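1. Sequence and computational prediction follow.
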Amino acid sequence: MVLKLHYFAAPGKAEVARLCLTLGGIPFEDVHYTHETFPTFKAKAPFGQVPVLELEDGKMLAQSGAIDRYVAKLAGLYPEDPLDAAHADQAVFLLIDLTDAFGPTWALPKDEQVKAREAIMATKGREKLGYLAKLVPGGAYVAGGKLSFADLGVFVMLSSLTSGQFDGVSKTCLDEFPDLKAFRNKIASEPAVKAHYDKHTEGIRAAFKPDA
């Protein structure tokens with residue numbers, strides 16, 4: 001058996017694991033659900049949610065943070081140096097702060113959702129992007145001077161924000177953060193990342209390309 005990554009078709013919380021497995025040349029099955037078909041798997045999932053990584057022996061690993069770190073280590077994309085690893089984790093935890101700010105907006109009606117997200121991007125979201133920019137001066141890698149799973153996480157977040165797919169978040173939201181724009185383009189231009197998104201262009205992933 002090969003690894004099976006269970007999630008929806010959208011990037012969401014499984015995209016970093018997908019990228020790690022792909023860049024690491026690790027065979028896996030990308031199992032997709034819709035909101036209609038997910039209930040059939042929900043009862044099997046350790047915590048009743050996805051993503052879930054099904055291991056070769058059929059056991060299941062839940063929580064995106066745990067999955068990302070596990071597959072990053074398999075793929076050689078988790079820093080070996082303890083401090084570099086801490087710097088990578090630091091960036092990922094900052095991303096969680098940013099995504100958590102948007103969490104409550106998903107339950108709002110569309111007009112309220114837009115206003116709420118515009119307000120977030122003008123305050124807390126802008127603040128967090130400013131902090132994130134300090135971690136990648138000049139578009140540098142997040143940790144250890146080379147590509148890691150944290151870089152992929154930041155790339156996925158920035159590409160999602162600028163995709164135009166989220167009402168209330170402007171495609172130009174990175175214009176005041178040139179280091180973040182340079183970083184996003186740098187990761188998008190990594191040969192293996194670029195090759196992946198040359199094949200996967202559907203929906204929001206159209207924004208995961210260089211100069212998108």
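-> The structure has been received and is ready for your questions.
2. Stretch 72-81: how far from the chain's middle?
-> Averaging C-alpha positions (CA atoms, centre = their mean, to the nearest Å) puts stretch 72-81 17 Å from its chain's average.
3. Apologies, that question was intended for stretch 153-162.
-> On the basis of CA atoms, centre = their mean, stretch 153-162 sits 6 Å off its chain's mean C-alpha point.
4. which outside residues touch that stretch?
-> 11, 15-16, 19, 68, 91-92, 95, 98-99, 132, 135-136, 142, 166, 169, 171-174, 180, 183-184, 187-188, 193, 204, 207-208, 212 (CB atoms under 8 Å, 6 or more residues apart in numbering). C-betas here are computed from N, CA, C, even on glycine.
5. Could you pick out which of the residues you listed are located in helices?
-> Among those, DSSP state H puts 15-16, 19, 68, 91-92, 95, 98-99, 132, 135, 180, 183-184, 187-188, 193 in helices.
6. Quick one: buried ones out of the residues you listed?
-> 15-16, 19, 68, 91-92, 95, 98, 132, 135, 180, 183-184, 187-188, 193 (16 or more other CB atoms under 10 Å).
7. Looking at the record's assignment, how would you partition the protein?
-> The chain resolves into domains spanning 3-75, 82-207 when parsed by automatic domain parsing.
8. Adding mean pLDDT, write these out as JSON lines.
-> JSON lines is the format used below for the domains of the chain (pLDDT from 0 to 100):
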{"stretch": "domain 3-75", "mean pLDDT": "97"}
{"stretch": "domain 82-207", "mean pLDDT": "97"}
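9. show me the contacts for Gly58.
-> Applying CB under 8 Å, 6+ apart, the residues near Gly58 are Met1.
10. And the contacts of whatever helix or strand Lys73 lives in?
-> Lys73 is part of helix 64-75 when elements are defined by DSSP states H and E. Identification of contacts with helix 64-75 by CB under 8 Å, 6+ apart yields 3, 5, 13-14, 16-17, 20-21, 23-26, 51-53, 61, 78, 92, 148-149, 153.
11. quick one: the strands in the protein?
-> 3-8, 28-33, 52-54, 60-62 (DSSP state E).
12. roughly how far is the third one from the heart of the chain?
-> Taking the mean C-alpha point of strand 52-54 and that of its whole chain, the gap between them comes to 17 Å (CA atoms, centre = their mean).
13. which residues touch that strand?
-> So strand 52-54 is contacted by 3-7, 17, 31, 41, 45-46, 60-62, 67, 70-71 (CB under 8 Å, 6+ apart).
14. ok, that strand: who's next to it in the sheet?
-> Strands that pair with strand 52-54, judged by DSSP bridges, come out as strand 3-8 (antiparallel), strand 60-62 (antiparallel).
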